[in-house]
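Engineer: Need a 3D model of the following:
(chains A and B)
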Amino acid sequence: MALKDYIRERFFPHMWCAGCGHGTVLNSLLRAVEQLGLSKNEIVMVSGIGCSARISGYVDFHSLHTLHGRALAFATGVKLSKPELNVIVPMGDGDALAIGGNHFLHAARRNIGMTAIVMNNKIYGMTGGQFSPLTGVGGMATTAPYASIDRSFDVVEIAKAAGATYVARSTAFHAQECTKMIHDAILHDGFSVVEIMTQCPTYYGRKNKLGEAPEMIKRFKDITTPIGSKAKQENPELIERGVFVEKNLPEYCAEYDKIIERAKGGA
Amino acid sequence: MSRQVKFVQGNEACMEGALYAGVQFYAGYPITPSSEITEGMAMRLPATGGKFIQMEDEISSICAIVGASLTGHKVMTATSGPGFSLMQEGLGYAIMAEIPCVIVNVMRGGPSTGLPTHGSQGDVMQARWGVHGDHSIVALTASSHQDVFEMTVEAFNIAETYRTPVILLLDETVGHMREKLEIPEPGELPLVERLRTSVREGVNYHPYLPREDGRLPMSDFGDVHRYNVTGLYHDMWGFPTADPKMVHDLIRHLIDKIENRVNVLARYKEYYLDDAERVLVSYGCSARSALHVVKDRRLRGERLGLLELQTLWPFPADVVKHCCDGKKSVIVVEMNTGQIVHEVKKAVDRPDNVFLANRVDGEYITPPDILKVLRLIQGKGV
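Structural biologist: Numbers count the residues shown, from 1 in each chain, chains lettered A, B, ... in the order given. Presented below is the predicted three-dimensional model:
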């Protein structure tokens, strides 16, 4: 199927700013779905609120554009009630780890079979550039005019600690790597998390004097390195990319099927 | 086959009603005094092939049932005051996106943590106006376990008919009291299934285009029609819009589909109203004391009647007006500082003739509490 057949063309042009990294994520996501050969009817895209959340409207899947931070909670209802569906949840900083932080922890703890794509652009874009739980100390934002003193979460560490069984990180610079990770995350039977560092030139880039989109994208190449690389040993400041966790543990919906069997007097 | 008879709590009667109605998905978070519904669902639902999940909070519980409803299942959650407050955002979403679901609120005293194990009817207005923005809502209540069962079935039927969330407002007293419940045989009570679209694959399906009868046929997530669901104002495909006409038309549709059916949705019981000189209006546990007073006064020759409301929202103003106009006085009996009393005053010709008998100390309102108000009105002193 041609890539554009996955898109609801009548809703383009999209509403993202020029240079936004979310388009790259959408591209990687669609390529992953294409490679998997999934039918459009077996995919449900559940999103929260904000720039990232608009992805769900642009794709020709079943789409559920929900409330800020609640995407994983809605998605849990979709998945558990119809486990045969592939549930993909694109999220922004707040959806994943501020207002939605608790849902993120518990979806990971349950190991329910869906894919969370966390678009980490370190800022709240749609509401005008306020700091997020991923901005970190020293970051400038409209609500951190004297620089943020709030420490940042590490998406990967949180996902690992909460029990996600597939955890990966890449950036908008590494689009093919993103495609591979999203592909594997969708195939993974359990709660999978793919963090993708994306650029928000309009707010984060401008506020933090990081230049225009091309400079911000190139920066991802400079500040990241593959897991376990020699570069990381030499420069601990580098952010590691790659697959951090990939393990098989009982998936929630499959486990619930056993509960049904038990309740019906079987097993 | 004879009817199954049980001696149960009101909360268990609610659970039985939900199972009878065909609930297939339940998400909840424990909170007193509603927890027995959640516990009962965990025990019983999987045996029917349904799914139960204990979520991390009430916010996620209502979100999860909305998600599950979209895959084509009958869904429900239950909570109490503080949890109901947390659900308001998701409730608004369900209203806007027109998702059938049932939310039970077994009321406790509030505000805040309040009185977890004591009765109250303080959430009547939260049910009506807890959601931000203009909207309409359906809220049912019940005073006996047989009613709890039937109103739970009704809640599902209304939700599925009109693509709307329905609130079932029980109270701690009814929820925790034990009494007899006769479970109707299958087929005895009508059950409504949601209307599914007959539009074939490849033909344009409009999830938000009402038919002439006002109903909106649905398509299940996973089926052949892919559409968008959003909490934003949306067009007939479900896509966001800020077009003033579409915004206006949608909010009118959301409100009118309920407010234009006030009399269709009105459930109530009349006791001794034909020749009544004075009328008590009550609902939920308070209606039990009110009925006791009515029967007691009748034995003494006083012409007292009772209107017991089972639909609180949309408020059945016509029914109240019909039953109360021309009477010497009307006494609204409720366990709050006065919530339905204002609606009754708005409905009748002589609002100055409407009085309140209430109690807000966590204790159950008793017949003597009501009698005290009645005697004051009658000029007989306390």
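Engineer: Identify all contacting residues around stretch B:209-222.
Structural biologist: A:41-42, A:44, A:62, A:64, A:78, A:82, A:84-85, B:70-72, B:98, B:161-163, B:194-199, B:205, B:207-208, B:225, B:227, B:236, B:253, B:257 (CB atoms under 8 Å, 6 or more residues apart in numbering or on different chains). Where C-beta positions appear, they are placed from N, C-alpha and C, glycine not excepted.
Engineer: which element is the residue of the stretch 51-200 of chain A found nearest chain B on?
Structural biologist: Distance from chain B to each residue of the stretch 51-200 of chain A (CB to the nearest CB) is smallest for residue A:77, at 2.8 Å. Assessed by DSSP states H and E, residue A:77 sits inside helix A:71-81.
Engineer: same question, residue A:159
Structural biologist: Counting by DSSP H and E, residue A:159 is found in helix A:155-162.
Engineer: Pretty sure residue B:45 sits against residue B:28.
Structural biologist: No. Counting by CB atoms under 8 Å, residue B:45 stays clear of residue B:28, with 10.7 Å between them.
Engineer: who's more crowded, the two?
Structural biologist: residue B:28 (27 against 24; other CB atoms under 10 Å in any protein chain shown).
Engineer: what residues does the stretch 51-200 of chain A put near chain B?
Structural biologist: A:56-57, A:60-67, A:70, A:72-82, A:84-85, A:102-103, A:105-106 (CB under 8 Å from any CB of the partner chain).
Engineer: May I see the ChimeraX selection of the buried members of the residues you listed?
Structural biologist: Those of those that count as buried under 16 or more other CB atoms under 10 Å in any protein chain shown are selected in ChimeraX with:
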select /A:56,57,60,61,62,63,64,65,66,67,70,72,73,74,75,76,77,78,79,80,81,82,85,102,103,105,106
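Engineer: In contact with the residue of the stretch 1-150 of chain B found nearest chain A, which residues?
Structural biologist: Residue nearest to chain A within the stretch 1-150 of chain B (CB to the nearest CB): residue B:67, separated by 2.8 Å. The contact partners of residue B:67, taken as CB under 8 Å, 6+ apart, are A:46, A:64, A:73-79, A:81.
Engineer: what's the spacing between the helix or strand following the helix holding residue A:159 and its chain's center?
Structural biologist: With elements assigned by DSSP H and E, the helix or strand that comes after helix A:155-162 is strand A:166-171. With CA atoms, centre = their mean, to the nearest Å as the basis, strand A:166-171 stands 9 Å off its chain's centre.
Engineer: quick one: contacts of strand A:166-171?
Structural biologist: A:155-156, A:159-160, A:177-178, A:181, A:184-185, A:188, A:190-198, A:220-221, A:224, A:239-247.
Engineer: between that strand and helix A:155-162, what angle do the directions make?
Structural biologist: Relative orientation of strand A:166-171 and helix A:155-162, computed by axes from the mean of the first three to the mean of the last three CA atoms, to 10 degrees: 170 degrees.
Engineer: Work out the sheet partners of strand A:166-171 and label each with its direction, please.
Structural biologist: strand A:192-197 (parallel), strand A:239-246 (antiparallel) (DSSP bridges).
Engineer: Just say which of those is most tucked in.
Structural biologist: strand A:192-197 (a mean of 29; mean count of other CB atoms under 10 Å in any protein chain shown).
Engineer: tell me the average confidence for that one?
Structural biologist: Here strand A:192-197 scores 98 as its mean pLDDT.
Engineer: Repeat that for stretch B:152-160.
Structural biologist: According to the model, stretch B:152-160 has a mean pLDDT of 98.
Engineer: How about stretch B:308-321?
Structural biologist: What stretch B:308-321 shows for mean pLDDT is 98.
Engineer: end-to-end on it?
Structural biologist: 13 Å (CA to CA, to the nearest Å).
Engineer: again, but for stretch B:161-177
Structural biologist: 31 Å.
Engineer: centre of the chain versus that stretch, how much separation?
Structural biologist: 4 Å.
Engineer: What mean pLDDT does the helix holding residue A:159 get?
Structural biologist: 98.
Engineer: for it, packing partners?
Structural biologist: Applying 3 or more CB pairs under 8 Å, 6 or more residues apart in numbering or on different chains; DSSP states H and E, one finds that helix A:155-162 makes contact with helix A:93-97, helix A:101-110, strand A:166-171, strand A:192-197, strand A:239-246.
Engineer: Give me the contacts around the longest one.
Structural biologist: I take that to be helix A:101-110. Under CB under 8 Å, 6+ apart, the answer for helix A:101-110 is A:69-73, A:75-76, A:96-97, A:114, A:116, A:133, A:158-159, A:162-164, A:191, A:193, A:252, B:55-57, B:60.
Engineer: since we're on whichever residue of the stretch 151-267 of chain A sits closest to chain B, how many residues are nearby?
Structural biologist: Here the stretch 151-267 of chain A gets closest to chain B at one residue, residue A:263, 3.7 Å apart by CB to the nearest CB. Here the number of neighbours of residue A:263 (other CB under 10 Å) works out to 19.
Engineer: Output the below-cut-off pLDDT ranges for the stretch 251-382 of chain B.
Structural biologist: B:382 (pLDDT under 70).
Engineer: how about the helices of it, start to end?
Structural biologist: Using DSSP state H, counting those that start in this stretch, the helices of the stretch 251-382 of chain B run over B:262-265, B:284-299, B:317-324, B:340-347, B:367-377.
Engineer: Isn't residue A:67 up against residue B:63?
Structural biologist: Yes. At 7.1 Å, residue A:67 and residue B:63 qualify as touching, with contact defined as CB under 8 Å.
Engineer: Find residues that contact each of these two.
Structural biologist: Residues touching both residue A:67 and residue B:63 (CB under 8 Å, 6+ apart) are A:74, B:90, B:93.
Engineer: Let me see the contact set for the first one.
Structural biologist: This points to residue A:74. By CB under 8 Å, 6+ apart, residue A:74 lies in contact with A:46, A:64, A:66-67, B:63-64, B:66-67.
Engineer: And for the second one?
Structural biologist: Applying CB under 8 Å, 6+ apart, one finds that residue B:90 lies in contact with A:67, A:70, B:59, B:62-63, B:66.
Engineer: CSV for those residues, including secondary structure?
Structural biologist: Converted to CSV, these look like this (DSSP: H, G, I helix; E, B strand; the rest coil):
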residue, secondary structure
A:67, coil
A:70, coil
B:59, helix
B:62, helix
B:63, helix
B:66, helix
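Engineer: Spatially, which two of those residues are the most separated?
Structural biologist: Farthest apart among these by CB to CB are B:59 and B:66. That separation is 11.4 Å.
Engineer: of those two, who's got more company?
Structural biologist: residue B:66 (31 against 24).
Engineer: Skip the chain neighbours and tell me the closest residue to the more buried one.
Structural biologist: Nearest non-adjacent residue to residue B:66, counting by CB to CB, 6 or more residues apart in numbering or on different chains: residue B:99, 4.9 Å away.
Engineer: quick one: that neighbour and residue B:163 touch, right?
Structural biologist: Yes. Counting by CB under 8 Å, residue B:163 is a contact partner of residue B:99 at 7.0 Å.
Engineer: Which one's more surrounded, these two?
Structural biologist: More crowded of residue B:99 and residue B:163, by other CB under 10 Å: residue B:163, with 26 against 22.
Engineer: rewinding a little: just give me the closest of the contacts of residue B:67 to residue B:363.
Structural biologist: Taking CB to CB as the measure, residue B:363 sits nearest to residue A:73 out of these, at 37.4 Å.
Engineer: dump the residue contacts of the closest one.
Structural biologist: So residue A:73 contacts A:103, B:55, B:59-61, B:63-64, B:67 (CB under 8 Å, 6+ apart).
Engineer: Which members of those residues are the farthest-apart pair?
Structural biologist: The distance between the two most remote of the contacts of residue A:73 (CB to CB) is 13.0 Å, for B:59 and B:67.
Engineer: Where does pLDDT dip in chain A?
Structural biologist: Those would be A:266-267, if you go by pLDDT under 70 across chain A.
Engineer: And the strands in it?
Structural biologist: With strands called from DSSP state E, chain A shows them at A:43-47, A:62-65, A:86-91, A:114-120, A:123-124, A:130-131, A:166-171, A:192-197, A:224-226, A:239-246.
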